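Visitor: how does the following fold in three dimensions:
(one chain, ligands or ions: 1)
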Amino acid sequence: MEYLPLHFKLDGSRVLVVGGGSQASNKAALLVRAGARILFVAPQISSQILALGDAHDYQTGEFEPAHLDGVSLVVAATDNAALNAAVAAAANLKGTPVNVVDSPDLCTVIFPAIIDRSPVLVSVGTGGASPVLARSIREMIEGYLPEGLGRLGQFLRETRPVLKKRFSDIQLRRKAVEKFMVGPGQELAQQGDYAAAERYLYDPEAGVISGEVYLVGAGPGDPDLLTLKALQLMQKADVILYDNLVSEAILSRARRDAQYEFVGKRSGYLSASQESINALLVRLAKSGKCVLRLKGGDPFIFGRGGEELEQLIEAGIPFQVIPGITAASGCAAYAGIPLTHRDYAQSVRFITGHPKNSKVQLPWHEFVSPGQTLVFYMGLAGLPDICKKLIAHGQSPETPVAVISKGTTPEQKMVTGSLGSIAERVLKAQLVSPTLIIVGQVVSAPSRLQGVVQ
Ligand SMILES: C[S@@+](CC[C@H](N)C(=O)[O-])C[C@H]1O[C@@H](n2cnc3c(N)ncnc32)[C@H](O)[C@@H]1O
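Guide: Numbering: from 1, shown residues only. The predicted structure is shown next:
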């Protein structure tokens with residue numbers, strides 16, 4: 001190990017920055033965040049640096065070793081290599097830590113790439129080998145770290161004194177925090193609900209009795225369309241209940257040692273009833289598991305997410321709902337159809353086209369008003385009927401229609417036509433489920449947009 005990673009407390013300390021240009025300004029921005037009082041020394045100091053204000057000192061002139069008096073850290077950030085080396089040599093003589101921009105050989109300390117969720121801080125260093133590599137590693141990690149980590153850190157800091165009083169034995173205290181970290185309390189702390197989180201921390205049994213459920217939207221198919229939050233919870237879950245719209249590619253991003261249960265509807269298989277899924281969610285959560293209910297698209301758009309939540313609420317199970325990209329947004333974007341292109345549509349309507357829902361009387365007369373895009377979910381089998389009904393209610397047979405199959409996946413196919421012709425074209429193309437039907441003038445835009453999306 002070339003460098004020992006230590007987090008340097010600079011609050012109120014004096015730091016010398018030699019240089020007055022953009023490199024000095026970049027380093028200063030970080031130092032200011034850490035609470036340093038900076039002495040800038042340079043023949044010319046940029047207005048950007050001067051704008052840092054009275055909390056800092058500015059000396060226009062050449063660097064002198066005396067500038068090092070009373071400083072805890074030195075940064076040489078000039079574009080003059082000889083001057084930078086002289087600053088480093090003077091700092092070394094005094095035993096003051098020094099960083100020289102772009103010269104790792106002259107540094108006794110280096111600035112890592114950081115992920116700042118204060119008080120939680122993650123730093124990535126490459127020993128000065130490549131700041132670009134450090135930054136790209138930081139980006140990889142960044143996505144997996146929840147935004148609420150800072151709130152969780154703050155919560156644990158604030159509750160530490162009370163915890164110490166309650167559990168004087170350090171082993172017991174550590175166990176209490178470990179239990180807290182795998183229970184619902186830590187999610188509550190991340191959300192800033194400290195009062196609710198405290199219950200799980202001070203009474204470890206509370207965290208054991210009940211697990212929790214994450215109702216998560218997996219998006220329309222492309223795994224890269226998963227949200228960061230979905231990915232985080234997919235790594236955390238003990239059990240994953242998933243539908244047939246959730247592909248292998250998506251499941252491969254979830255925790256490897258989780259227990260997986262398919263609860264979707266697939267032809268040739270016995271499908272789980274909604275009631276049995278609801279009961280399973282409650283049973284698993286009550287046994288203390290973190291259960292991830294992974295649904296295609298968005299759980300609240302034709303996803304029956306609401307019904308599952310009702311059962312959880314009734315059973316007093318804590319839960320979180322994480323939205324996903326719904327098929328309409330995903331398919332339209334990947335097909336180059338702007339659902340509310342302002343030249344064509346001022347509203348968009350998501351409609352169920354499920355033939356089993358024929359009991360439900362859809363307001364067909366409302367669907368034919370101009371400037372409206374219609375998106376039918378679950379409409380493949382009912383496509384001829386949908387087209388007939390729209391025409392019967394006054395929609396022109398020439399109205400453009402697109403039918404997108406397996407949208408956002410490598411097997412995406414699209415057939416376009418008009419209300420009068422689409423059913424036959426789709427039959428001929430042998431499109432397979434899942435398919436989405438988009439009706440409206442916006443469908444005529446793709447020829448122009450296809451080149452700029454995807
Ligand atoms: C039960 S609904 C679930 C919708 C989902 N909750 C959502 O927000 O996208 C299933 C319907 O969504 C549509 N769908 C979902 N994923 C799709 C995809 N990748 N391509 C086309 N249609 C899709 C189809 O209309 C399918 O029949």
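
Visitor: can you name the residue of the stretch 1-150 of the chain nearest the ligand?
Guide: residue 143 (22.3 Å; C-beta to the nearest ligand atom). No exception for glycine: its C-beta is placed from N, CA and C like everyone else's.

Visitor: which residues touch that residue?
Guide: By C-beta atoms under 8 Å, 6 or more residues apart in numbering, residue 143 lies in contact with 228, 231.

Visitor: thinking residue 38 is in contact with residue 57, fair?
Guide: Yes - Residue 38 sits in contact with residue 57 when judged by C-beta atoms under 8 Å, with a separation of 7.3 Å.

Visitor: so for the two, which sits in the more crowded spot?
Guide: residue 38 (24 against 13; other C-beta atoms under 10 Å).

Visitor: tell me the contacts of the residue nearest to that one when sequence neighbours are not counted?
Guide: Distance criterion C-beta to C-beta, 6 or more residues apart in numbering; nearest residue to residue 38, sequence neighbours excluded, is residue 56 at 4.5 Å. Contacts for residue 56 (C-beta under 8 Å, 6+ apart) come out as 32, 37, 38, 39, 40.

Visitor: got it, and residue 300?
Guide: Residue 300 neighbours (C-beta under 8 Å, 6+ apart): 306, 321, 323.

Visitor: wait, is the second one part of a helix?
Guide: No - secondary structure of residue 321, determined by DSSP: H, G, I helix; E, B strand; the rest coil: strand, with no helix assignment.

Visitor: which residue comes closest to it once chain neighbours are left out?
Guide: residue 215 (4.7 Å).

Visitor: which residue ranges of the stretch 51-200 of the chain form strands?
Guide: Under the criterion DSSP state E, counting those that start in this stretch, the stretch 51-200 of the chain contains strands at 57-60, 73-76, 98-100, 113-117, 120-124.

Visitor: pLDDT on the fourth one, on average?
Guide: Taken as a whole, strand 113-117 has an average pLDDT of 91.

Visitor: adjacent strands (with direction) for it?
Guide: Partners of strand 113-117 in the sheet, by DSSP bridges, are strand 120-124 (antiparallel).

Visitor: mind saving the C-alpha coords of the partner strand as CSV?
Guide: Provided in CSV are the C-alpha atoms of strand 120-124 (Å, rounded to 0.1, in the frame of the first residue of the first chain):
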residue,chain,number,x,y,z
VAL,A,120,-20.5,9.2,5.2
LEU,A,121,-17.6,9.7,2.9
VAL,A,122,-16.2,7.2,0.4
SER,A,123,-12.8,7.9,-1.1
VAL,A,124,-11.2,6.2,-4.1
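
Visitor: what residues does the stretch 201-350 of the chain have near the ligand?
Guide: Neighbours of the ligand within the stretch 201-350 of the chain, by C-beta under 6 Å from any ligand atom: 220-221, 245, 295-298, 301-303, 326-327, 331.

Visitor: just these: which are in strands?
Guide: residue 295 (DSSP state E).

Visitor: hang on, the earlier thing: columns pLDDT, distance to residue 282 and neighbour count on top of the contacts of residue 300, output as TSV?
Guide: Shown next, in TSV, are the contacts of residue 300 (pLDDT from 0 to 100; distance: C-beta to C-beta, whole Å; neighbours: other C-beta atoms under 10 Å):
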residue	pLDDT	distance to residue 282	neighbour count
306	87	15	11
321	95	16	17
323	97	23	18
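
Visitor: ok, so of these, who is nearest the ligand?
Guide: residue 323 (9.1 Å).

Visitor: what sits against that closest one?
Guide: Contacts of residue 323 (C-beta under 8 Å, 6+ apart): 217, 227, 298, 299, 300.

Visitor: farthest-separated two in those residues?
Guide: 227 and 300 (14.0 Å; C-beta to C-beta).

Visitor: what about residue 279, how many neighbours?
Guide: 14.

Visitor: and it, that one's in a strand?
Guide: No - using three-state DSSP, the assignment for residue 279 is helix, not a strand.

Visitor: okay but it is in contact with residue 312, surely?
Guide: No - the criterion here is C-beta under 8 Å, and residue 279 misses it with residue 312 at 11.1 Å.

Visitor: any low-confidence regions in the stretch 101-250 of the chain?
Guide: 204-210 (pLDDT under 70).

Visitor: what about the helices in it?
Guide: Assigned by DSSP state H, counting those that start in this stretch, the helices in the stretch 101-250 of the chain fall at 131-142, 149-166, 170-182, 184-190, 194-202, 204-209, 228-236, 248-251.

Visitor: and those: which comes nearest residue 23?
Guide: So among the helices of the stretch 101-250 of the chain, helix 131-142 is nearest, using C-beta to C-beta, at 12.2 Å.

Visitor: quick check: angle from the closest one to strand 120-124?
Guide: 140 degrees (axes from the mean of the first three to the mean of the last three C-alpha atoms, to 10 degrees).

Visitor: hmm, back to that, distance of the residue of the stretch 1-150 of the chain closest to the ligand from residue 150?
Guide: Per C-beta to C-beta, to the nearest Å, residue 143 is found 16 Å from residue 150.

Visitor: residue 302 now?
Guide: 36 Å.

Visitor: number of nearby residues for the residue in the chain positioned nearest to the ligand?
Guide: Minimum separation of the chain from the ligand (C-beta to the nearest ligand atom) falls at residue 297, amounting to 1.9 Å. By other C-beta under 10 Å, 29 other residues sit near residue 297.

Visitor: my read: the residue nearest to residue 321 touches residue 307, true?
Guide: No - counting by C-beta under 8 Å, residue 215 stays clear of residue 307, with 10.7 Å between them.

Visitor: residues contacting the residue nearest to residue 81 when sequence neighbours are not counted?
Guide: Excluding its sequence neighbours, the residue lying closest to residue 81 (C-beta to C-beta, 6+ apart) is residue 103, at 7.3 Å. Applying C-beta under 8 Å, 6+ apart to residue 103 gives the contacts 81, 84, 85, 88.

Visitor: equivalent analysis for residue 15, please.
Guide: With C-beta under 8 Å, 6+ apart, residue 15 has these contacts: 31, 36, 37, 38, 39, 71, 72, 73, 74, 75.

Visitor: buried only: go through these for me.
Guide: 31, 36, 37, 38, 39, 71, 73, 74, 75 (16 or more other C-beta atoms under 10 Å).

Visitor: sort out which one of those lies nearest residue 240 for me.
Guide: residue 31 (44.5 Å).

Visitor: element containing the closest one?
Guide: Element membership for residue 31, per DSSP states H and E: helix 22-33.

Visitor: after that helix, next one along is what?
Guide: strand 37-42.

Visitor: what helices or strands is that next one leaning on?
Guide: Counting contacts by 3 or more C-beta pairs under 8 Å, 6 or more residues apart in numbering; DSSP states H and E, strand 37-42 packs against strand 14-18, helix 22-33, strand 57-60.
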